[in-house]
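# Requesting a structural model of the entry that follows:
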Amino acid sequence: MSAPLQPALDALAAGRMIVITGDRLRGGDIDFCLAARHVSAEAINFMARHGRGLVCLALTPDRAVRLGIELINAGRDNQSGRPHGRSIEAATGVSTGISAADRARTIAVAVADGANASDIVSPGHVFPLITAANGVHDRPGAAEAAVELCRRAGMGDTAVICSIMRDDGEMARIDDLAELIESHGLPVVDLTDLI
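Now for the predicted structure:
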């Protein structure tokens, strides 16, 4: 196990959030990451408040198939290169779907053992990212890195991620986050450490 990863793996195993850097596919955007099995309303609220980006559920192709989630645009034309599946909501136990508690419920339902397509509906307020089959080796993106880190931490094959914006609405860079990282004790992993 490489030493730079261990604090992040320990944090994920303990249900804490980490920061992932080095996603060159998105121009260096930075993401919060949490093992999906530890999702909570508090964690979603933290991401929404401090990240401000889209809260996404990173999942493997196999799990996406079990849930009946396909890529929004699976064709060859007009591709953005982002592996977004159709948005989802838990079939039961949510109200409007957008609250932190409702989004946490949707994620918990989607990643539960034995979950299938009947457990979710669409459209919804959680945005799946279907990772490449061979993870970061096929696509060196934050979604793949998040799933790989959760696997290495023994936390399964799903993760919640959220890109981080600055107060002025521009995408954050690591130097913008020093105070936040320090105050919340967030381990930082660069995606290149996984490859």
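
# Quickly note the distance from Gly93 to Arg52.
Distance, Gly93 to Arg52, using C-beta to C-beta, to the nearest Å: 26 Å. Any C-beta I mention is one placed from the backbone N, CA and C, and that applies to glycine too.

# typo on my end, Gly114
For Gly114, the distance to Arg52 - C-beta to C-beta - is 34 Å.

# Between these two, which is the more surrounded one?
For Gly114 against Arg52, the residue with the higher neighbour count under other C-beta atoms under 10 Å is Arg52, and the figures read 17 against 6.

# Is the more buried one in contact with Ile164, as I believe?
Yes: distance between Arg52 and Ile164: 7.1 Å, which falls inside the contact criterion (C-beta atoms under 8 Å).

# Excluding chain neighbours, give the residue nearest to Met171 in space.
The spatial neighbour of Met171 that comes closest, neighbours along the chain excluded (C-beta to C-beta, 6 or more residues apart in numbering), is Asp29 at 5.2 Å.

# Residues in a beta bridge with that neighbour, which ones?
Beta bridges link Asp29 to Asp23 when assigned by DSSP bridges.

# Read off the pLDDT value for it.
Note for Asp29: predicted pLDDT of 89.

# What distance do you get for it to Gly141?
Distance check for Asp29 against Gly141: by C-beta to C-beta, it reads 10 Å.

# the longest strand in this protein is where?
If you go by DSSP state E, the chain has its longest strand at strand 120-130.

# just checking, what packs against that one?
Contact here means 3 or more C-beta pairs under 8 Å, 6 or more residues apart in numbering; DSSP states H and E; on that basis strand 120-130 packs against strand 52-59, helix 61-67, strand 88-90, helix 100-111.

# For His38, find the nearest of the ones you listed.
Among the helices and strands packed on strand 120-130, helix 100-111 comes nearest to His38, with 9.7 Å by C-beta to C-beta.
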